[in-house]
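Peer 1: just need the structure, nothing else, for what follows:
(2 chains)
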Amino acid sequence: MSAILSVSGLEKTFGSVVAARDISLDIPAQQTVGVIGANGAGKTTFVNMITGHLTPTKGSIHFEGKDITGLPSRDITQMGISRSFQVAQVFPSLSVFDNMCAATAIARGDGRFISAALRSVHAPEIAADVNVAIELFQIAAYRDTLASTLPQGIRKLLDIAMAVAGAPRVLLLDEPTSGISIEEKFQLMDVVMSALKARNITVLFVEHDMEIVERFADRVLAFYDGTVIADGTPGETLGQARVQELITGAKLKLPHGEASPHA
Amino acid sequence: MLSRANLIGAVLFLAAGIIGFFLPPWLVSLLTIAFANALVVLGLIILWRAGLVPFGQALYYCSGAYTVALLARWAGVSDAFVLLIAGGLVAGIVAFLTGFLLARYREIFFAMLSLAMSMILYGVLVKTETLGSTDGFGVDPPHFLGYAPHGDALGFALYWFVLVVCAISALVIGVYFKSVAGALAVPIRDNEIRVEFLGISVTRLIHMKLVIAGTLAGVGGALAAMTIGHVDPNMSYWTTSGGFVFVTILAGAGSVAAAFVGSLVFEIVRSFAFAVLPGFWQMTLGIVLLLTILFLPEGLGSLATRFRRRKPDTKPVATS
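Peer 2: Take a look at the predicted model:
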């Protein structure tokens, strides 16, 4: 198991504010990594640096052995790292189908602008891909609904499905369950995770709900004050006294089985 | 769907061509100008779909027109096809160069920067006495592959020439709208960050749109120069740009056909208002625009889609 994503000595400062410091870790292919931490702990900064939205002040990021530090986000996307957003980023004036067509068409493109002007956005192979993807993410019932009128959970699924349209090897999910009711959270994550597993995607997800992290992550990174204070299996990380004190709250007992409706 | 739209387009094109034979020359020339300007509007629709409203499209219109005039005057080029291609090409190059700057701006900043650029050309032309300063200068009637008509025959030849250019442009832009680059206009307007994170450069997509729109404006300007037989710096003035934006609001960005319908209605209303209420023609145009915005916020072009949408209840799906 060699690392698909590897960061070393990552640091990001905004003036005198240190948003991330001394982050070094390797993520093996097909691992599902949960990222936890209080607000402002540097989780999103970490995600933003990997996806090229922010350029690290120091350190390096390697993806499949290639240095991707400081590349523009669209190049990183083309190489195989996608992301979804904390607030679903879709195209409100298009239908679910057209949203997916746009994402798939870009993903299938070779990045050349002449060919982008000549290929049809509704080419049969694009439509076929889209129909498979919306089945996989269980949003096919909303195929012709405008994205602006979608329920929050479906919009989240659409956002993730669009990120997956480019057949990424690594997917970063920034709070996939934020804004979703507690009853729907597990269902949404079940759909997402089984879809991602079916495509052998390495997943890194930021999450505040410890039950979700417990259930879906193989490994948990705990962020505090811009750096990783614990890294291990969910049991190990969530069991650490420092993590309980700073992030999850001391009382956490993780009642297996009874709390999770899916167990 | 596409073939049906093309069929309707072809029928309308032939109808417009044949009707030309039965119309008085003044009306033919009005239609020629309307269709030449429709090409500029078509370019504006491309940008409009991506949420960009340039108030300086006259820069490319004027570039195309002056290219024709200069070539005819100093290089002795008289063939309409050569002049047309040169006009479009020069405007396209100007759009490519200005695009490096313009593609980075949005909204009011984009509008004002494009306006400023067109006013630079206006300023230069006004100060250039060899080019006739504010008066401009005349353009000799063009030839068509050796055919050199005069008088009314020239009017008809230009009318047909403009119609053919419009038909080709409409076809090409129709394909572009359905292409990946063209269809990404709405996503760009909706959410640029998402487009970038899907892996394509928004700036370059917009740059491409600017070049296409600029080329169309140049072609429109070239045709206008040949039809009017005269160019002057007002072709680059901001009111000219404003006129094109006016027609785009009137037309709506719904379809390729909207550009032609909008431009036609605009020219007819303007001529009618000028003849009937010479003192108040601007006010008449203003009222027409006001009524359009109030009752047809998506422009005249939305009338056609409204009828089409009445049959199937949902939004038409482009596949299947």
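Peer 1: could I have the longest helix along chain A exported to PDB, CA atoms only?
Peer 2: Secondary structure of chain A read by DSSP state H shows that its longest helix is helix A:182-198. What follows is helix A:182-198 as a C-alpha-only set of coordinates in PDB (Å, rounded to 0.1, in the frame of the first residue of the first chain):
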ATOM      1  CA  ILE A 182     -29.900  13.900  11.800                       C
ATOM      2  CA  GLU A 183     -32.400  11.300  10.400                       C
ATOM      3  CA  GLU A 184     -31.100  11.700   6.900                       C
ATOM      4  CA  LYS A 185     -27.400  11.900   7.600                       C
ATOM      5  CA  PHE A 186     -26.700   8.200   7.800                       C
ATOM      6  CA  GLN A 187     -28.800   7.500   4.700                       C
ATOM      7  CA  LEU A 188     -26.900  10.100   2.800                       C
ATOM      8  CA  MET A 189     -23.500   8.900   3.800                       C
ATOM      9  CA  ASP A 190     -24.500   5.300   3.000                       C
ATOM     10  CA  VAL A 191     -25.400   6.300  -0.500                       C
ATOM     11  CA  VAL A 192     -22.300   8.400  -0.900                       C
ATOM     12  CA  MET A 193     -19.900   5.900   0.600                       C
ATOM     13  CA  SER A 194     -21.200   2.900  -1.300                       C
ATOM     14  CA  ALA A 195     -21.000   4.800  -4.500                       C
ATOM     15  CA  LEU A 196     -17.500   5.900  -3.800                       C
ATOM     16  CA  LYS A 197     -16.400   2.400  -2.800                       C
ATOM     17  CA  ALA A 198     -17.900   1.100  -6.000                       C
END
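Peer 1: so what touches that helix?
Peer 2: Residues from elsewhere that reach helix A:182-198 (Cβ atoms under 8 Å, 6 or more residues apart in numbering or on different chains): A:32, A:136-138, A:153, A:156-157, A:160-161, A:164, A:171, A:173, A:176-177, A:180, A:203, A:209, A:211-212, A:215-216, A:260-262. All C-beta atoms are positioned from the backbone trio N, CA, C, and that covers glycine.
Peer 1: just stretch B:110-118 next, same as before
Peer 2: Residues outside stretch B:110-118 that contact it (Cβ under 8 Å, 6+ apart) are B:52-59, B:62, B:98, B:101-102, B:105, B:236-238, B:241.
Peer 1: same thing but 10 Å
Peer 2: B:47, B:51-63, B:94, B:97-98, B:101-105, B:206, B:210, B:235-238, B:240-242, B:245 (Cβ atoms under 10 Å, 6 or more residues apart in numbering or on different chains).
Peer 1: picking that back up, which of the contacts of helix A:182-198 fall within helices?
Peer 2: A:136, A:153, A:156-157, A:160-161, A:164, A:211-212, A:215-216.
Peer 1: of those residues, which is the most crowded?
Peer 2: Tallying neighbours with other Cβ atoms under 10 Å in any protein chain shown puts A:Lys156 at the head of the ones in helices among the contacts of helix A:182-198, with 30 neighbours.
Peer 1: skipping adjacent residues, who's closest to that one in space?
Peer 2: A:Ala88 (5.1 Å; Cβ to Cβ, 6 or more residues apart in numbering or on different chains).
Peer 1: wait, that neighbour sits on A:Thr177?
Peer 2: No: A:Ala88 is not in contact with A:Thr177 according to Cβ atoms under 10 Å; the separation is 11.6 Å.
Peer 1: list residues touching both of these two?
Peer 2: When contacts are counted by Cβ under 10 Å, 6+ apart, A:Ala88 and A:Thr177 are jointly contacted by A:153, A:156.
Peer 1: A:Ala102 - that's part of a strand, no?
Peer 2: No: per DSSP: H, G, I helix; E, B strand; the rest coil, A:Ala102 lies outside any strand segment and is helix.
Peer 1: residues contacting it?
Peer 2: Per Cβ under 10 Å, 6+ apart, neighbours of A:Ala102: A:90-91, A:94, A:121, A:126, A:130, A:162, A:165, B:180, B:183-184, B:186-188, B:190, B:194-195, B:198, B:200.
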